[in-house]
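J.: the sequence and its predicted three-dimensional model are supplied below.
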Amino acid sequence: MIIYGEYLFLENFIVGALLIFLTGKLIGSMPPLWKIALSASICGLSGFIIFLPIEGVISAVLRIAIGIIVSLASFGRSRILKNSAIFLTLTFLSGGVVIALLLWQKQPAITHQGIIYMDAVTYLKLICFGILAFGFTYWFIKLIRRRTEDIAIRGKVKIVIGDKNYDFEGYVDSGNSLRDPITGKPAVLLDKKGASKLPFMVSDFKERYMVIPYKAVGVDCGYLEGIRSDQIIFNKKCVIGAPIAFYDGIFEGFDVLINKDFLEKEL
């Protein structure tokens, strides 16, 4: 099979652009078009490593390095390792789907150094293959993410009241949907054991005092006493003015029941 350089570049340019777009969708940070074009061009040029006589560890290191460079050009230095890992993972997953489609279509192709070159293929078909492959990959990863978010998460919770910080063990539960009835901000539920760590009584903060209504299984409605914090920090997310509701019971293995909305990207 004869390999044409311009086709090799264009194929990898198109695939790279689709991968960058998909990565941006997953991390919630879409780069501007000029960055996508620049990064896709790097992907196009990287296709020429198909001609290099390298294998094994050196080949793997080179491909990882290219992935990091593409991620850096697309999304910047912030969270570079995480973004690069997502980009490379998508590359491997979507590459497998593309190979499956090639086998299904009996399309002749050459693979080497992680690069796929297809002969006698229309670019419309290439784009269709790419959309199918990346669409499947995107759906698969979203499914995993949704499943992960359904599982309760444990972690450290920092509550800031005035000039004091208080640290607790937190637990995110999808059943907790308590909110400030006025501001709508998500609330946390602090048990008696956790409340005992606070060097004050609820009545000491008349300007912060509030009542939070709730509904529960077997209870039409009720209310919990609470106070408004300055900040609640969990999972690297800070909510200003989030309310603390006090639970007259003890949780097993943690102090604070976290509202499920603390898992959302935006609050």
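T.: Okay, I see it.

J.: now Leu178. Nearest residue, chain neighbours left out?
T.: In space, Leu178 comes closest to Ala187 once its chain neighbours are excluded; the distance is 4.0 Å by C-beta to C-beta, 6 or more residues apart in numbering. In short, each C-beta sits where N, CA and C put it, glycine included.

J.: show me the contacts for Val57.
T.: By C-beta atoms under 8 Å, 6 or more residues apart in numbering, Val57 lies in contact with nothing.

J.: helix, strand, or coil at it?
T.: On the three-state scheme (DSSP: H, G, I helix; E, B strand; the rest coil), Val57 is labelled helix.

J.: check Ser74 too.
T.: helix.

J.: picking that back up, distance of the residue nearest to Leu178 from Asp167?
T.: 18 Å (C-beta to C-beta, to the nearest Å).

J.: show me the shaky parts of this structure.
T.: Regions of the chain meeting the criterion pLDDT under 70 cover residues 1-7, 50-52, 54-56, 93-138, 140-152, 174-175, 202-204, 216-220, 263-267.

J.: would you map the strands across this structure?
T.: 109-112, 115-118, 154-161, 164-172, 188-190, 209-216, 219-228, 231-234, 237-240, 243-246, 256-258 (DSSP state E).

J.: would you turn these into TSV with distance to Phe21 and mean neighbour count?
T.: Formatted as TSV, those follow (distance: least, C-beta to C-beta, whole Å; neighbours: other C-beta atoms under 10 Å):
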stretch	distance to Phe21	mean neighbour count
strand 109-112	23	14
strand 115-118	19	20
strand 154-161	31	17
strand 164-172	30	18
strand 188-190	37	27
strand 209-216	42	14
strand 219-228	41	14
strand 231-234	31	21
strand 237-240	26	14
strand 243-246	39	24
strand 256-258	33	25
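
J.: okay if I get those as CSV plus distance to Ile20?
T.: Listed next are the strands of the chain as CSV, based on distance: least, C-beta to C-beta, whole Å:
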stretch, distance to Ile20
strand 109-112, 21
strand 115-118, 17
strand 154-161, 31
strand 164-172, 31
strand 188-190, 38
strand 209-216, 44
strand 219-228, 42
strand 231-234, 31
strand 237-240, 26
strand 243-246, 40
strand 256-258, 34
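
J.: nearest to Ile69, out of those strands?
T.: Shortest separation from Ile69 across the strands of the chain is recorded for strand 115-118, at 15.7 Å, computed as C-beta to C-beta.

J.: quick one: end-to-end length of stretch 234-242, please.
T.: 12 Å (C-alpha to C-alpha, to the nearest Å).

J.: likewise stretch 235-253?
T.: Start-to-end span of stretch 235-253 (C-alpha to C-alpha) is 18 Å.

J.: Ala73: which of the strands of the chain is closest?
T.: That would be strand 115-118 among the strands of the chain, by C-beta to C-beta, at 18.8 Å.

J.: that concludes my questions; thank you for your assistance.
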